Every structure is written in structure tokens, then in C-alpha cells.
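Asker: Whatever this is, show me its structure:
(2 chains)
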Amino acid sequence: MRILQLHVDYIEYFPVSKEIADAETLTLNEKQRLEDTVVILMSIERGDEDSMIVDIAAEIKDYLEKIKGKSVLLYPYAHLSSNLESTDKAFNLFVKIEKELRQMFNQSDITINRAPFGWTKTLEFKVKGHPMAENSKSFHKKKDIQQTKFNNEREDLLDSCHDIEENDGGVSEALKTEKNLKSEWYILDTSGNLIKQNEFKFSKSERNLENLLNYEILKKRIVDEQPPHVKLMRKLGISDYEPASDSGNMRYYPKGRLLKSLLEQFVTRKVSEYGGLEVETPIMYDSHHPSMESYFNRFPARQYNIKSDQKDLFLRFAACFGQFLMAKDFQLSYKNLPLKLYELTRYSFRREKSGELVGLRRLRAFSMPDCHGFCRDLDQAKSEFLKRFQLSVSVVEEIGLSTRDDLEMAIRFTKDFYSENKQYIHNLVKDFGKPVLVEMWDERFFYFTLKWEFNFIDNLGKASALSTDQIDVENSERYGITFVDEYGNKKYPIILHNSPSGAIERVIFALLEKSAKLMRQGKVPYLPLWLMNTQVRIIPIGNEFMPQCNELLAVLKENSIRGDIDDRDETLSKKIREAETEWIHYVVIIGEKEVASNTVSIRERLTKKNYSENVTKLVTLIKDQVKDKPFLPINLQEYLSSRPRIAS
RNA sequence: GGUCAUGUAGCUCAGCCUGGCAGAGCGAAGGUUUUGUAAACCUUAGGUCGCGGGUUCAAAUCCCGUCAUGACCUCCA
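Answerer: Purely as a prediction, here's the structure:
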């Protein structure tokens, strides 16, 4: 049984003619109009039975309470399903549901109405414009297997290329699968033991994995506060909300822009070393292009739509279709595979509901590295998949997030894929090095058969997906991407979808949340040295030492180290304090003593050590840490006296 | 849409319960100071107390409405 609940300002219907032979007899043959009511469009499906009535009535009651509705119209609506029950049985059940509702609301001021069954009717209504005004549910006979509904966090996990399914008569395949998705949850340990989630004993060090499980399936939310990174991103002058734009479209201050640029360059270089070919695809597409049309007409809500002249356009929410449309026009031989296309989208757009947006965790405009690998067969896909796993691990580790302490892995696959590839999956977990969360589906609902992702668990116990990869066995056919094999046959490649880091903004979110965790533990918060706008802050004891400061700054510049000079008329203590609050790793002080001994005084923030060294040593010290990470010059005035105050 | 909370100087906030001159710290500007490892000192400028209405001799404060924001609920191809 499927129902669609609509909270409407009004509804009008008029029975025109009998649609089936045994349509019920009408008591009133005139136009009906109801104001401010909940319309329940209902399809009764094959096999639906009386035992479900209670659940349905409970759902309706629940919905009414939430929106404070006082009136219900039950409306038989066959078009929600292609698997309908016979009309006599359906009518029977329909009337029983009405009866149950009347009984339930017997004592209340809620009125129950019902539209006639078996009639062709004219229908007009206006749905209210609030988020809960539309709500679809499906009901099934009680089974043992747990049913999960996709929530929004899972959307990340599904990642970029959402299902594009053919219409099957009113409700999309994607919507159907979502509501019917059956999966079981396990923990898979590094020795290959698959343990049911409720039987696994979490050790102390596995608290985050437990959090992930809670977050994913038990939907336990612990907190009601703003995540700490929001304050940090403002305090550090990284980014902030932009009230003049749409929510979820942030402004990035100089420090934030530099941080993003460095991360972007780093990920792009890593993918390039792996063999990804960087391309660029449009950020907007024609909503009426054949590849998009059937899909978007049904779900117009989730992306930004633009009307320009006569054209309807939408902003991309992933790099997938741009790359697929490109690959479709390539002439591919098996000799060219695996082919890896890569783009770092700046931006991808998703018009998430306003209530879902928080700081840098979830945005409406975000930068997503996206690498698609086109493989000739499953064997090639599997071996490539491993390389990309290693790539992803090294990317997040080098960024400064450790798979051991900061990230939890989830793997999702179908039962069939698991039984055929047990050893392969066990090896993946072994490579990861600690137990992972497993979601196993009975059958394949999505375009992929295997997918993993790294989740960062933030200070509030919420999980956010970062790196991910999937084995996609469907989209090449859908987009018409083919290659020619060694016998001259056209074949569809298997496509891998990898984001080695996840969204760049979300990486910053994770780094800041990690720092907040450190603060909570009484430790020193920090961002990796290579991502700091100011790597070295130079402070003269007095104005007369400015020449020596300038000399040092020049040496740092020559060595690709970002430095600046605090030349303001402030006390030394205050300058040091401000360098601390900016999380600057190295503060160098130059005064009489230093000039005399030809050294500099170094204050190391992370180790809280003060010592004197010569300049060469200082340079080496920093270069050893930054190594071959991308470098860009400082993105602020080098003299603090000429710098505007940005952080709040 | 619901529940709760918040909205006062550029920022962070106090004042509201119990109506009586619009406040503090930081920041900014000017000056003094020339600094040795986490906040020098003095002075000055800064306000449509979100908006509209009501009660009152008098409203930031009480009441009603409204807008915005946040958390949660809900929803989320």
C-alpha cells in the first residue's frame, strides 16, 4: 500500500463517470469542495491485508498531529503503484480504513471524508507551501527484515550520481526503492568476521564506530547545539555566512580561500599522479535534455533551477553527468581502459533544505573532487578500486586526518556481491586496519554493487562522509558509454566513482572539528602547517629591528615559506597572544640579543618550547614538515599594521 | 509547518523577571608609551534596542502581531 499525504488549502473533485463496472453508487452527485484539509491519495497493492490497517491509521493520526490538521479526505488513487490489488478487494480494504479512522477520531473534532471508489473524477487542489505538506509512505506486510528509509545523510553516501530511473506509472523507481530498501547491518572486523550489529561488543577505542552505527541506523542524536567548527571558522577568519546570498553559499575570507586553494591543488595533484585526467564540464545543463528530462520533471525540488530566456537550466549537483556525456563521445578501445576522468567542481550545487545546513558541514554550493574510472570488466574494476582506496587513504592522511583516529569506514554491498567476493572485501577491511560498519542489501537497488566511504564523526556524534568510491554497473548503459573489446564487440564499461577527499569545504569542517576535539581534551588545537596562511610570524622587539625582520621575511619567501611581520605598536605580550589565537605554529622574535648572536628566538606553539636557532635551521625545520605539499604565497598583507581586522 | 530559544554598538554580550537617563569588554580612531614570550595607559567616536501595533505619565523591559536566525521534530530523488 502506498499513500501520499498532502496538506492542501483546498481540494475540489467531481465524479464524472464510472471507471470500473463495480464502482460504488454515489450518494451525492455534485462537485465537492473541502478547505484546509489533509488529502490522502491511496493505492492498495496486491497482497495488502487487514493487519496493515492499524499502521496506516496510526501514520495518518501521527501526520495530523504534526501539522495540526482537523480534516481528512481519503481519496482512492490507483496511480501510485503498478502492482494494484483487484478492485473488489481494494475497495473492501479502503472502506475498512475509513471505518478505522472514524472509530479512532470518534471523540475528536477531526472530520473524515472519503471520495468515491471506481470513478473517474476531476481533481483540483492547492498544496500548502510548507516542508511537511507533502509526505509519501508505503506499507508492507510485517516481515523480519528491518526496513530502512534513506535519510539525508545517506544522500551523501549515495553520492553524486543519483538514480535516473524510468517512470513506471506515476512514482519513480528511485522513490520506490528508497521506501522499500531492505538492508541488514553488521560489523566486519579485520579478520573477516561478519558480526551482526547488535551482537558486536564495541571496545573503548571503537566508540566512534559505535557512534556511526547509532547515527546510521538507530538515528540516535545526542545533542542540540551548534557544532563547534562554526565558531572556529569565524574566529579564525576562514569563512562566514553571506546573508545576501542563498543560505549554504558561504563567503571565504583570504585565509579560507588560501586554505581551499591549497587543498584543491593537493587533491588534484594526487589524482593526477594516480593517472586521472583533469577535465572541466559546464556547471549548468539543459533541464530538457533527453538524459535529464524524465528525471528532473519528476523531482524538480532538489537543485537550483534557472530560467534564462526561454531555456530551463539547472546547476549541476555533481560532476558525473558532465563526465559521462564527455566519455560517451570518446572513441574507446579496451586498450584505453581503465580511463580516469577527473574534475574538481567549483561548484556543485544542491538546494538542501534550509534546516539541514550547518556551517561548513553541509552546504548548497561546494567543491567536490570527482574521479570516474571506466573499466573493461569487473576484474579490472576491482583492481582499480583497490588503487583508489590507497589513493584516498593517502590523501586524507596527508591532509591531516588519520584513518586510525579520525575516520570510520562504512562498506555497503549486495548479498550476492559479498558471497562472490568475500576475500576481496575482507582484504579491503584489513587494509583499513580496524572494524568497519557494513550495510548489506538483499538485492541491488542502486546503480552500484559495492561502495565504501570514510566518515568523520564530529563533536556531536554526527557522521559526515568524506572520501568514497563505488562500483557502478548501470550508468554506462544509461548514458550510452561504450568501448570496443579485442573481438570488435561494443561493450559497456564498469564505472568507478571516487572522491578521494570528499568535498573540500567538508575537509575544512573535519579539520576544525578535530581541533575542537583537541580543545575539549585540553590539548592545543591546530591546523596543519602547510595549510596555514601565516606559517611564521615575525615580531620585532622594537621598531629599530625592522630591517632584520624584513631580511628574515625575504629568506622565508625565497624558501617558499609564508611569513608576516607584526609591526604594530603593541606590546610583545599582546603580539604573542594574538599569534596564539591565530594558531600560528612558529613565532619568531628578533631583538638585540638575536641580532648580536645572529640567531632568532623561536616560539613553537605545538610543543610550547622556546629556543634560539639560526635562520637556516628554522627554514629546514619548516621545510621538513611541509615537504612537497603545494605552496602559494601569503594571501594577506605582510605587515600586520596594514591588515584589516577580519575575524570576528 | 510544529516546539523551544535567540534578535541591544563592527564583534561578544549585560540590562528584560520587578517599566524610570542606552551599558560593558573586545575591536576601531587619536594620543602617550618602544615594549623580551598569552591582553600597557589615556581620550574619542559608534545605537531605528529586528519591525509594526497596544497598555502606561513613562516601554529595550509588559501584551499582541510580524520578520529573521538557530537547535530539534519532520522532510530530504
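Asker: what's next to stretch A:113-121, contact-wise?
Answerer: Contacts of stretch A:113-121 with the rest of the structure, by CB atoms under 8 Å, 6 or more residues apart in numbering, involve A:13-20, A:22-24, A:26, A:32, A:34, A:37, A:71-76, A:87, A:90-91, A:94-95, A:98. Placement of C-beta: from N, CA and C, glycine included.
Asker: okay, how far is it across that stretch, tip to tip?
Answerer: Stretch A:113-121 has an end-to-end distance of 16 Å (CA to CA, to the nearest Å).
Asker: coming back round to it: make a PyMOL selection of the buried ones in the contacts of stretch A:113-121.
Answerer: Buried residues among the contacts of stretch A:113-121 (16 or more other CB atoms under 10 Å), as a PyMOL selection:
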select buried, chain A and resi 13+15+23+24+34+37+71+72+73+74+75+76+87+90+91+94+98
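Asker: Narrow the contacts of stretch A:113-121 to those in helices?
Answerer: A:87, A:90-91, A:94-95, A:98 (DSSP state H).
Asker: List the contacts of residue A:425.
Answerer: Residue A:425 touches A:188, A:411, A:413, A:418, A:450, counting by CB under 8 Å, 6+ apart.
Asker: quick one: the closest residue to the first one other than its chain neighbours and residue A:409, what's the gap?
Answerer: In space, and not counting its chain neighbours, residue A:188 is closest to residue A:438: 4.8 Å by CB to CB, 6 or more residues apart in numbering. With the distance defined as CB to CB, to the nearest Å, residue A:438 ends up 10 Å from residue A:409.
Asker: Equivalent analysis for residue A:25, please.
Answerer: Distance of residue A:25 to residue A:409, computed by CB to CB: 62 Å.
Asker: What of residue A:359?
Answerer: Counting by CB to CB, the gap from residue A:359 to residue A:409 is 24 Å.
Asker: same thing with residue A:569?
Answerer: As defined by CB to CB, residue A:569 lies at a distance of 53 Å from residue A:409.
Asker: These two: which has the busier surroundings?
Answerer: Neighbour comparison, residue A:569 and residue A:409: the larger count goes to residue A:409, with 25 against 6 (by other CB atoms under 10 Å).
Asker: mind listing the helices for the stretch 351-500 of chain A?
Answerer: Along the stretch 351-500 of chain A, the segments classed as helices by DSSP state H, counting those that start in this stretch run A:378-399, A:415-420, A:422-432, A:475-479.
Asker: Make a markdown table out of those helices and add mean pLDDT and distance to residue A:601.
Answerer: Converted to a markdown table, those look like this (pLDDT from 0 to 100; distance: least, CB to CB, whole Å):
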| stretch | mean pLDDT | distance to residue A:601 |
| --- | --- | --- |
| helix A:378-399 | 96 | 31 |
| helix A:415-420 | 92 | 60 |
| helix A:422-432 | 95 | 44 |
| helix A:475-479 | 87 | 59 |
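Asker: among these, which is nearest residue A:489?
Answerer: With CB to CB as the measure, helix A:475-479 is the member of the helices of the stretch 351-500 of chain A nearest residue A:489 (14.3 Å).
Asker: Report how many residues lie close to residue A:291.
Answerer: Residue A:291 has 16 neighbouring residues, counting by other CB under 10 Å.
Asker: what sits opposite the residue nearest to residue A:453 when sequence neighbours are not counted in the beta ladder?
Answerer: Excluding the flanking residues, the one nearest residue A:453 by CB to CB, 6+ apart is residue A:468, at 3.8 Å. Beta-bridge pairing of residue A:468 under DSSP bridges involves residue A:453, residue A:499.
Asker: so where's the stretch 151-300 of chain A uncertain?
Answerer: For the stretch 151-300 of chain A, the stretches with pLDDT under 70 are A:151-182, A:217-225, A:293-300.
Asker: All the strands of it, residue numbers only.
Answerer: A:183-188, A:194-196, A:239-241, A:250-252, A:277-278, A:284-286 (DSSP state E, counting those that start in this stretch).
Asker: Could you work out the end-to-end span of stretch A:563-576 for me?
Answerer: Terminal residues of stretch A:563-576 lie 15 Å apart, using CA to CA.
Asker: picking up where we left off before, what's around the residue nearest to residue A:453, how many residues?
Answerer: Around residue A:468 there are 24 other residues, counting by other CB under 10 Å.
Asker: Parallel or antiparallel, which strands does the longest strand anywhere in chain A pair with?
Answerer: As assigned by DSSP state E, the longest strand anywhere in chain A is strand A:2-18. Take DSSP bridges as the rule and strand A:2-18 pairs in its sheet with strand A:32-43 (antiparallel), strand A:119-127 (antiparallel), strand A:134-138 (antiparallel).
Asker: Any idea which of those gets closest to RNA strand B?
Answerer: Closest of the strands paired with strand A:2-18 to RNA strand B is strand A:134-138, at 5.3 Å (criterion: CB to the nearest atom of the strand).
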